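Colleague: Sequence isn't available, so here's the structure alone:
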Ligand SMILES: [Fe+2]
Ligand SMILES: [Fe+2]
Ligand SMILES: [Fe+2]
Ligand SMILES: [Fe+2]
């Protein structure tokens, strides 16, 4: 319907018009033309790390966390896509956050799902989730699932940096504005679990004790397995990538591609709304398109991604976005590159709405 | 986050501002204030049948279907909620459609899910779906699932009327503008199945033949069981309601309430995006609230629904909406009433985001 | 392992032998030769209706139900397969039961799943399950699931006959002798539901009331959707078969074949241990084999089933069995025939153990 | 039914008897008395490690693997339960296998599921499964799933010992004698995967490549997620146990108890037929009973298990069995003990037949 060119207004008598208006009614043919307030001209775009870094350094100088008003005490630079006013995409929000030595990003929780992907970490830089301290070392991915308390504590002597990735635009724009948010009464939540606890209980063995509680926390209900707090150490993730490359052929569109799983069920997606892949590219991929949006972070290496007629040239720690329904392919420079691929594909799959295709010859 | 009052703009140096702007970046605390272009002040509202009918009669006089431009050949009056510009809610679209004797609403298909609930039908008024003619008798509910061809053929000598219910606002506003639409090359698709075929194959027995194809039609993929074409005859639906009332106690919030199932798996929701209930009210219900939106159509009887401080007084064939997060309860007048309850709750459940509660004392 | 020809006893020193014996130990190679006390030479076999009927009439004369000892008050003729001592197969038990006018087969319940397929019924011949009277008309199939009270009450003036089908051999031989059995304190359980209740609540709509209880009754737990009490009326079953034949091509091995579904999830198998199909044969089927056992009852028509080198010639109401791993095909005489096909295939599928193949050329 | 005391044979006329016999029919009341050829008097029993070891050492002296006939080239001591002739239980088979330095237990595959739990291992003692070498170090658990080639290669200079655990009695006695077995043409299958491959691809990330093949191998079909080849290193297993003990309260019946998961879905059971738990006991457990059978291997520590009126006193590497429906509890001596718990509970759960209870007061 929306694909059709707008038609001229169809003539109605004024008596009919009045009745429509008076009764808060409109004919379908007019309604269809005005539907669609999502940003439907999402553009391919790239944010270079040097630019992000320069900006963030300035922000850091201007604004110590403790001077920010309560509830906004996070220092985050947010890539805003051309033509949008709030995020990099209609579904996935991504920001670059820094925490200086000695600082704490205070404890809170919210309905939106979130994760941190560590850009520049340290074993004494910790995200505390659900009572456990998770160290943030380089390239570690740490979940802070829906409605779990989380705070970020930098006990190291270096500034730490990471990606925040949330499904905020989906939650705030689409789901009847349903996010809920709460600050913890303490800046740092109490640490009640030994380190390694959450990972161990959803690893290669599971509590056989029936009294275990692994339900969805908070006021929420749904049909998906909830995601537990979890640290995907880069050491283990990169090992799975290398094993893939050593024993298999690459996926034509994504290279050697491993999807982060929800540890509860051993399957992607990591969250009901977003899926994440570590992708090892050794050669150029084939071209395809899909109605899901992809956001990428460059973990290692250099290369280019072709999107429609544009070419996004990337190197380490750059961020770029591939809009829905655009033809795209990746081309690593030199030996190889590793990307973190992020996609809202699970949103489409939740409604049997995902579509993907290679270009017709 | 959105719940918090907007804060004054936090002071940054102009150098930092310039860098943010130049690099398409913004700090999180500003982004959060501008997020949320969904209509978040959805109001309780009611459309009286007499008003709808008078309007639609005038539309019918003005505008024969065949004079409408191709692709818009449907005569539909669409309730528009206060403060919105396109629909009764952010997720569920509802329209009242009429087809005059001898007319055909031409065959097409689209990505959005749809159903028809017959207000004034006839055994010779037929919706044709996936090669089978489904008669539309009073209060029958007929699915025209995602990407199935469908047309409406009035071979009776009376004007027929029904509700169209689709997940268009969700699809068009939220899912990256992903609806797709196609007109059939014929006004009426060929009838290739005997009448009763689709219902029979997803009833109390299923094809044991492994060559059966019950996949999601069209270009789409996902994780939910697809909904087959199906006619829920009112005769059978009302019998389940009566059996419920004769053998059970009512649900405190919804009365005797039977959810239409997806025949493929015998479970609600009928579609991955919308659920439908036939609700028999014999006494006033208790008050609760939830983040899902509810749209109601009055099948029989009279009464009132209390929403927040407002009271919506309804009688047969009225349409009303209960916005998310508003306290509400139903109160039938006289002996009993039957409502068709429509909800976007499955959208929330797909992401573990549904929340429901009774008011705290 | 068992497939290998037995080997001579391998020589061990007597000292070793003594130690094995003394410690209740045996070497693997000896153990393997003695494993397998299941009846592994199940033969193709047929029971002609005339023979069954003559026998049963004599039993009926000899033995009024009320003279049978408590707990055995059922008049049932049980086909015993050659080489077995207790049933027609290693998994599925089948008996032919009669109840005379005025008689009641007293109420009880057990862990094994059961169903009745009516051979000669009447609207006043009723199976009472879980508080509801289900009329037994010709060819109706009525479930009496695990641990539900059930009794059979003949209020008509004709003797009624039906098939009892249970998973008794599986339960008693395999599952650590786990069946449990209980007699009701009354001969007839109280009727607490209106007629049609159970079918209506698991039909095309489901209780939306969250207080509903559809759990597995009794002391049992498991991972499958429990089967509700249900009457599959022949009228509806045969309509699905006719629709199948009018709109599709037949399955090469089973003809037009509709599987009875578990109404809870709309999918076969009807029970976790046994699946049932109504099969309409219009022409000879192709030959295949599988490790599941098939038991057949001839609902209508005449024909033959070829099993290995044997041919079983059948006509109405005959019962026959196709052993596991035997090549077989069906060949209806004249126009068409309808079979009730019963299989233990779900037992194999529960352990990823089902195997099926056409003969290699 | 089987629970009732046998009744005297009910008198039938000889004419009826003859007819029953002639037509291969029997009355239900006689059939019920003869059903049940499973070993229904399974006894609690224990095999002391010293006895097993002495026996096995003698076997090893007598019988080098290469002198065993093809197809039986494994040196295994099999605990036989009192009153049975082939195994420790009706469902789970367990044997103690040794391989001397330089020996290979030749490659084969079968329909039954199997695992090895290493008693005395070495990094150069390897089980090769599906093309990958899995080192067998102390207390490692290695799966050799249904129909995967596997061989055991001792390249170390010490004799290796482990537990073989299979679902052979279930497969051979119950499932229509359905096991299938095949020897590899080579003594050692070719190693085609790098070490660590299988574990890495079913760990915290999964191949996102849709061309991946993780189907059930071989000729089999079913409804369960197949189990991949996997090594559960003891290092990781014991860490999950310690985390459990440090952060939770114990299960009343099983102590701190972690179930090995099927890596494909992150959930127990490890196989569709058998589940395995690592259980850390720090104090006496409460008494309960269930219809599943439990087999135990003592990994560490000393203690006793009370079964009915008997007490089984155990220390390291002993094997004992708790029969179905017997009251039992565990009581560690001294500080703590660790047991490997093995149960056929999944067989019961596959049919909604599991029952468990604490004794009524
Ligand atoms: Fe892509
Ligand atoms: Fe409500
Ligand atoms: Fe067959
Ligand atoms: Fe136990």
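Modeller: Perfect, I can see it now. Keep in mind it's a predicted model, so treat the numbers as computed, not measured. Ligands and ions are numbered 1, 2, ... in the order given.
Colleague: since we're on the closest residue to residue A:49 other than its chain neighbours, how many residues are nearby?
Modeller: Nearest residue to residue A:49 in three dimensions, chain neighbours excluded: residue A:317, at 3.8 Å (C-beta to C-beta, 6 or more residues apart in numbering or on different chains). To be clear about C-beta, it is placed using only N, CA and C from the backbone, and glycine gets the same treatment. By other C-beta atoms under 10 Å in any protein chain shown, 20 other residues sit near residue A:317.
Colleague: OK, contacts around residue A:317?
Modeller: Residues touching residue A:317, when contacts are defined by C-beta atoms under 8 Å, 6 or more residues apart in numbering or on different chains, comprise A:49, A:52, A:119, A:297, A:298.
Colleague: The second one in helix, strand or coil?
Modeller: When you say that, I think you mean residue A:52. The three-state label given to residue A:52 by DSSP: H, G, I helix; E, B strand; the rest coil is helix.
Colleague: In the stretch 251-361 of chain A, what residue lies closest to chain C?
Modeller: The stretch 251-361 of chain A approaches chain C most closely through residue A:265 (14.5 Å), counting by C-beta to the nearest C-beta.
Colleague: close enough to count as contact, that residue and residue D:265?
Modeller: Yes. Between residue A:265 and residue D:265 there is a contact at 5.5 Å, judged by C-beta atoms under 8 Å.
Colleague: Serialize the contacts of residue A:317 to a markdown table and add fields for secondary structure and pLDDT.
Modeller: Formatted as a markdown table, those follow (DSSP: H, G, I helix; E, B strand; the rest coil; pLDDT from 0 to 100):
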| residue | secondary structure | pLDDT |
| --- | --- | --- |
| A:49 | helix | 91 |
| A:52 | helix | 87 |
| A:119 | strand | 97 |
| A:297 | strand | 98 |
| A:298 | strand | 98 |
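Colleague: Now for these: which two are most distant?
Modeller: Spatially, the most separated pair among the contacts of residue A:317 is A:52 and A:298, at 11.8 Å (C-beta to C-beta).
Colleague: so when I look at the residue of the stretch 251-361 of chain A closest to chain C, I'm seeing a strand, right?
Modeller: No. Counting by three-state DSSP, residue A:265 is located in no strand; its state is coil.
Colleague: Now for it, how many residues are close by?
Modeller: Residue neighbour count, defined by other C-beta under 10 Å, stands at 17 for residue A:265.
Colleague: and if you look at residue A:241?
Modeller: Using other C-beta under 10 Å: residue A:241 sits among 20 other residues.
Colleague: close enough to count as contact, it and residue A:278?
Modeller: Yes. The pair residue A:241 and residue A:278 passes the contact test of C-beta under 8 Å, sitting 5.5 Å apart.
Colleague: Can you pull the residues that touch both of the two?
Modeller: A:258, A:338.
Colleague: re the thing from before, give me the common contacts of residue A:52 and residue A:298.
Modeller: A:317, A:319.
Colleague: quick one: stretch A:107-118 to chain centroid distance?
Modeller: 10 Å (C-alpha atoms, centre = their mean, to the nearest Å).
Colleague: Revised request: answer the last question for stretch A:188-206.
Modeller: How far stretch A:188-206 lies from its chain's middle: 23 Å, per C-alpha atoms, centre = their mean.
Colleague: Also stretch A:115-130?
Modeller: Centroid separation between stretch A:115-130 and its chain, computed with C-alpha atoms, centre = their mean, is 16 Å.
Colleague: I'd like the contacts of residue A:317 as TSV, with neighbour count appended.
Modeller: Output for those, formatted as TSV (neighbours: other C-beta atoms under 10 Å in any protein chain shown):
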residue	neighbour count
A:49	17
A:52	21
A:119	22
A:297	24
A:298	21
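Colleague: Give the residue spans of chain A that score low on pLDDT.
Modeller: Applying pLDDT under 70 to chain A flags the ranges A:1-13, A:16-17, A:19-40, A:60, A:63-74, A:83-86, A:172-179, A:210-215, A:361.
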